[in-house]
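1. pasted the sequence and its predicted model underneath.
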Amino acid sequence: MDSEDLESGRGLDFTGPVAGGAAGAAIIGYRAAGGMDLRVAGAAVITVVIEFGGRGLVVEDAAGRRVLGGFVAGLPLEAMRVRADRASCIEMRLSPLQAYSLLGVAPTDLGSRVVALEDVWGWRARVLREELAAAADWNERFAVTKSFLAQRDSAMRGPDPEVRAGWDRIVGSGGQVRIGELAESLGWSYKRLGARFEAQIGLTPKRAAMLVRFRSAVDELLAGRPAAVVAAECGYTDQAHLCRDVSLFADRTPRAVTTHYLPEIAQRRYRAWGEFFQYRAVPRGR
């Protein structure tokens, strides 16, 4: 990435995404000189945020309010808020299938809350922040991050092939899959699939499908499509069903999702992840 690829404006320096050097991982970077205030809805990815400016991030989630130098978010079922007066961050997203090898923990160990980076990577988290702070530019910071991931990548046992296949089916269908039929196609019982899925992904197949379907619906809502149409095409029973899921994962109504002003950094993040690392449903007819 050349220096002219950097986008900046009104105190925001944003770049990426780039491949993380590991399967299913991607990285963005940003500095928000004017501060940031993000409300982050549930997503079917593992998110890692590293603040390397030495100021910390104020994180509010189901566990309460904490000031962290970095964190890992599993597969949250509730929205969270991340604030800072100034922020310099590297943010990574990876599939929960990669959590075993890249994080050294299973998604189920992360739970539905934010976990401090030190609780996952120990002293290595501090060293990584120091190296990122000392880097001269985004190219070097991305290189440092990729090197760190390569060192962490191990041959630890990953999810069962059936769990991997089940996850891919759920993501590929936009969450529109019957779990009983999915279990049967994988040669497992409903109960066995549920137990293994929750142990290795962090959510039951039903909850995972709800989360993926919600994100597909949000994409459609932000594209300006009517809530009733989105509900029908994304597999919801009716518009009220869509409203319940949006309230659960985003703490908003569908109308608020489409009309709420998004700060520039939130818009950049959404575009970046949507273009590079997004779980898209199977294309539907328009």
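-> Looks like it arrived, so ask away.
2. only C-alpha atoms from now on, for both contacts and neighbour counts.
-> Fine.
3. which parts of the stretch 101-250 of the chain are strands?
-> 114-116 (DSSP state E, counting those that start in this stretch).
4. output the below-cut-off pLDDT ranges for it.
-> The model of the stretch 101-250 of the chain has pLDDT under 70 over residues 112, 154-157.
5. switch to 80 and redo it
-> 101, 104-113, 152-158 (pLDDT under 80).
6. helices of that one, residue ranges please.
-> 107-110, 117-121, 123-134, 138-152, 161-172, 179-186, 190-201, 205-222, 227-233, 239-250 (DSSP state H, counting those that start in this stretch).
7. so which residues make contact with the shortest one?
-> Which is helix 107-110. 46, 72-75, 96, 99-100, 198-203 (CA atoms under 8 Å, 6 or more residues apart in numbering).
8. now with 7 Å?
-> 74, 96, 99, 198, 199, 200, 201, 202 (CA atoms under 7 Å, 6 or more residues apart in numbering).
9. closest to residue 52 out of the residues you listed?
-> residue 74 (20.9 Å; CA to CA).
10. so how far is residue 227 from the closest one?
-> Distance check for residue 74 against residue 227: by CA to CA, to the nearest Å, it reads 28 Å.
11. so which of these two has more stuff around it?
-> residue 74 (28 against 21; other CA atoms under 10 Å).
12. residues in contact with the more buried one?
-> Contacts of residue 74 (CA under 7 Å, 6+ apart): 46, 47, 107, 110, 111, 112, 113, 114.
13. quick one, phi psi at the second one?
-> Spelled out, it's residue 47. phi -110, psi 130 (degrees, to the nearest 10).
14. residues in contact with it?
-> Counting by CA under 7 Å, 6+ apart, residue 47 has contacts 72, 73, 74, 92, 93, 94.
15. the first one too?
-> By CA under 7 Å, 6+ apart, the contact list for residue 46 reads 73, 74, 75, 93, 94, 95, 96.
16. filter those residues down to just the ones in strands.
-> 73, 93, 94 (DSSP state E).
17. can I get those in a markdown table including distance to residue 119?
-> Shown next, in a markdown table, are the ones in strands among the contacts of residue 46 (distance: CA to CA, whole Å):
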| residue | distance to residue 119 |
| --- | --- |
| 73 | 12 |
| 93 | 18 |
| 94 | 18 |
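18. same list (the residues you listed) but as JSON lines, adding neighbour count and distance to residue 193.
-> Formatted as JSON lines, the ones in strands among the contacts of residue 46 follow (neighbours: other CA atoms under 10 Å; distance: CA to CA, whole Å):
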{"residue": "73", "neighbour count": "23", "distance to residue 193": "24"}
{"residue": "93", "neighbour count": "22", "distance to residue 193": "25"}
{"residue": "94", "neighbour count": "22", "distance to residue 193": "22"}
